[in-house]
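**Student:** dropping a prediction and its sequence here:
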Amino acid sequence: MPGVPASFDAVRIGARVVVRWRLERSHEVDAQGPSMTDSVGKLVARTQGDLTVATRQGDVVIPRARIVAAKEIPPRPSRRGAAHLALSVPDLQRVMGPSWGALEREALGEWELRASRGFTQRGNSVLPVGDPGLPLSSAVDRVEAWYAVRGLPAKAVLAGPVGFDPVSDALGAELLSRGWTVADRTLTLTAATAQVAATDPGGPDVHLDPELDPRWLEAYRQSRASVPEAAPGVLRGSPRQLFASIALGGGLAQKLGLSTPGSRAPGPVAIGRLGIAHGWAGLGAVWTDPDLRGRGLAAHLTASLAAAALREGLQLMHLQVEADNDTAIRLYERLGFARHSSYVYVTRPGAG
Ligand SMILES: CC(C)(COP(=O)(O)OP(=O)(O)OC[C@H]1O[C@@H](n2cnc3c(N)ncnc32)[C@H](O)[C@@H]1OP(=O)(O)O)[C@@H](O)C(=O)NCCC(=O)NCCS
């Protein structure tokens with residue numbers, strides 16, 4: 001369908017995009033030449049009338065009326081290998097940032113401060129990628145003060161290759177010298193969306209919804225400690241998201257051999273979420289009811305989300321999983337995810 005899709009207006013300034021647009025026959029092309037062109041580069045401005053894309057050849061101002069299609073695309077790969085493994089660790093951190101929501105985001109140079117009333121570590125930590133625009137020590141002072149004002153412990157995401165030592169990183173060394181503590185080593189796994197979709201073991205209907213349904217939220221609340229007033233905003237906080245669930249309807253309880261299906265709440269028994277940003281699909285919030293684990297529900301739900309992502313042209317997926325969650329890591333690796341990198345949370349103790 002021609003034009004600027006509504007979802008493109010959620011793409012942030014600074015994202016890498018491709019815009020296909022019609023050339024004007026009179027002076028931009030001769031009668032035999034192509035009638036359309038693709039501009040690839042960084043989206044630097046957006047008005048009611050046009051978009052500006054910084055391409056390798058310079059800035060291109062494109063009138064909206066001439067746009068045929070436009071979408072966000074992943075950052076340029078920085079190393080060889082499968083596309084999902086080829087981004088640098090900092091670039092993948094940038095990609096993952098908006099795939100999880102936060103109630104408040106503020107820039108500190110290229111760093112991003114996030115706060116969400118304490119709900120989730122991702123939503124309440126600084127993403128220190130790039131240059132904070134200040135000497136490191138002053139930047140950390142600012143981070144500590146920003147979280148103190150909000151009654152939260154200052155927390156940073158420190159990323160590196162799998163198994164990296166936080167103290168070998170300049171920021172890590174600065175934080176540890178201030179008494180911040182390291183915890184919760186997390187692996188970042190990535191995959192080609194097509195492979196995950198193709199590994200579907202099959203299973204019951206998966207309901208996909210771009211909106212956050214109260215029943216999905218109720219299942220999510222069973223899966224982890226939640227801060228009720230913050231969770232909906234965080235879960236809806238990506239440029240786009242997709243919520244998946246499997247419910248015990250349509251004879252599923254009998255098929256799964258459940259003896260007392262009637263005693264169960266009618267809500268979802270398995271859920272997952274995609275946060276879509278920078279042309280990647282970020283998987284999160286994957287959970288299966290403890291009584292129904294080991295029957296392939298999470299594998300089927302994840303593959304169904306991958307198929308949905310693929311239909312939208314999203315070729316790459318990422319997820320984060322705690323390094324000691326062997327069951328989940330096995331599940332994801334079987335679906336085609338591979339270990340890209342890792343990160344730890346470094347937290348200022350005693351503050352908050
Ligand atoms: C991780 C989790 C989502 C997996 O859900 P699931 O529906 O059991 O997943 P699947 O059945 O598709 O795959 C689970 C794997 O564990 C095996 N398994 C067997 N019995 C099991 C049991 N009783 N409980 C859990 N897993 C079992 C499965 O066979 C499969 O592995 P295998 O194919 O190598 O044998 C689920 O354990 C869970 O909700 N955990 C808590 C939340 C969590 O950790 N989420 C992931 C966050 S990244």
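**Tutor:** Sure thing, it's come through. Numbering: from 1, shown residues only.
**Student:** hey, what's Val60 bridged with?
**Tutor:** According to DSSP bridges, Val53 are recorded as the beta-bridge partners of Val60.
**Student:** run through the residues that contact the nearest residue in space to Arg122 that is not next to it in sequence.
**Tutor:** Among residues not flanking Arg122 along the chain, Trp100 sits closest, at 4.5 Å (C-beta to C-beta, 6 or more residues apart in numbering). Heads up, the C-betas are built off the backbone N, CA and C, glycines and all. Applying C-beta atoms under 8 Å, 6 or more residues apart in numbering, one finds that Trp100 lies in contact with 120, 122-123, 234, 237-238, 275, 282, 284.
**Student:** state the distance from Trp100 to the ligand.
**Tutor:** Spatial separation of Trp100 from the ligand under the definition C-beta to the nearest ligand atom, to the nearest Å is 12 Å.
**Student:** which parts of the stretch 151-300 of the chain sit against the ligand?
**Tutor:** 223, 270, 286-288, 293-299 (C-beta under 6 Å from any ligand atom).
**Student:** can you tell me which of those residues end up in helices?
**Tutor:** 223, 297-299 (DSSP state H).
**Student:** adding neighbour count and pLDDT, write those out as TSV.
**Tutor:** As requested, these are arranged in TSV below (neighbours: other C-beta atoms under 10 Å; pLDDT from 0 to 100):
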residue	neighbour count	pLDDT
Ser223	14	91
Leu297	25	97
Ala298	24	98
Ala299	22	98
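**Student:** turn these into CSV, including distance to Gln48.
**Tutor:** Rendered in CSV, the data for those read as follows (distance: C-beta to C-beta, whole Å):
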residue, distance to Gln48
Ser223, 42
Leu297, 46
Ala298, 44
Ala299, 46
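**Student:** okay, and the spatially closest residue to Ala102 that is not a sequence neighbour sits in which element?
**Tutor:** Spatially, and ignoring its direct neighbours in sequence, Ala102 is nearest to Arg114 (3.8 Å; C-beta to C-beta, 6+ apart). Counting by DSSP states H and E, the element that carries Arg114 is strand 111-115.
**Student:** buried set for that strand?
**Tutor:** Using 16 or more other C-beta atoms under 10 Å as the test for burial, strand 111-115 gives 111-115.
**Student:** likewise for stretch 62-79?
**Tutor:** When neighbours are counted by 16+ other C-beta under 10 Å, the buried residues of stretch 62-79 are found to be 62, 64, 66-75.
**Student:** and that stretch, what's its mean pLDDT?
**Tutor:** Per-residue pLDDT values across stretch 62-79 average out to 88.
**Student:** stretch 204-214 too?
**Tutor:** Confidence for stretch 204-214, expressed as mean pLDDT, is 96.
**Student:** report the secondary structure state of Arg273.
**Tutor:** The local conformation at Arg273, judged by DSSP: H, G, I helix; E, B strand; the rest coil, is strand.
**Student:** how many neighbours does the closest residue to it other than its chain neighbours have?
**Tutor:** Distance criterion C-beta to C-beta, 6+ apart; nearest residue to Arg273, sequence neighbours excluded, is Ala285 at 4.1 Å. Burial measure for Ala285: 20 neighbouring residues, criterion other C-beta atoms under 10 Å.
**Student:** one more: the one 3 residues further on?
**Tutor:** For Thr288, the neighbour count with other C-beta under 10 Å is 23.
**Student:** please report the distance of it from Leu297.
**Tutor:** Taking C-beta to C-beta, to the nearest Å as the measure, Thr288 and Leu297 are separated by 5 Å.
**Student:** try Gly109
**Tutor:** In this structure, Gly109 lies at 43 Å from Leu297, with C-beta to C-beta as the measure.
**Student:** need the phi and psi values for the residue of the chain found nearest the ligand.
**Tutor:** Taking C-beta to the nearest ligand atom as the measure, the chain has Gly294 as its residue closest to the ligand, at 2.4 Å. As for Gly294, its main-chain torsions (degrees, to the nearest 10) stand at phi 80, psi 20.
**Student:** for Leu108, which non-adjacent residue is spatially closest?
**Tutor:** The shortest distance from Leu108 to any non-neighbouring residue, by C-beta to C-beta, 6+ apart, is to Pro132 (5.2 Å).
**Student:** how many neighbours does the residue nearest to Ile73 when sequence neighbours are not counted have?
**Tutor:** Beyond its immediate neighbours in the sequence, the residue positioned closest to Ile73 (C-beta to C-beta, 6+ apart) is Gly279, lying 4.6 Å away. A total of 21 residues lie near Gly279 under the criterion other C-beta under 10 Å.
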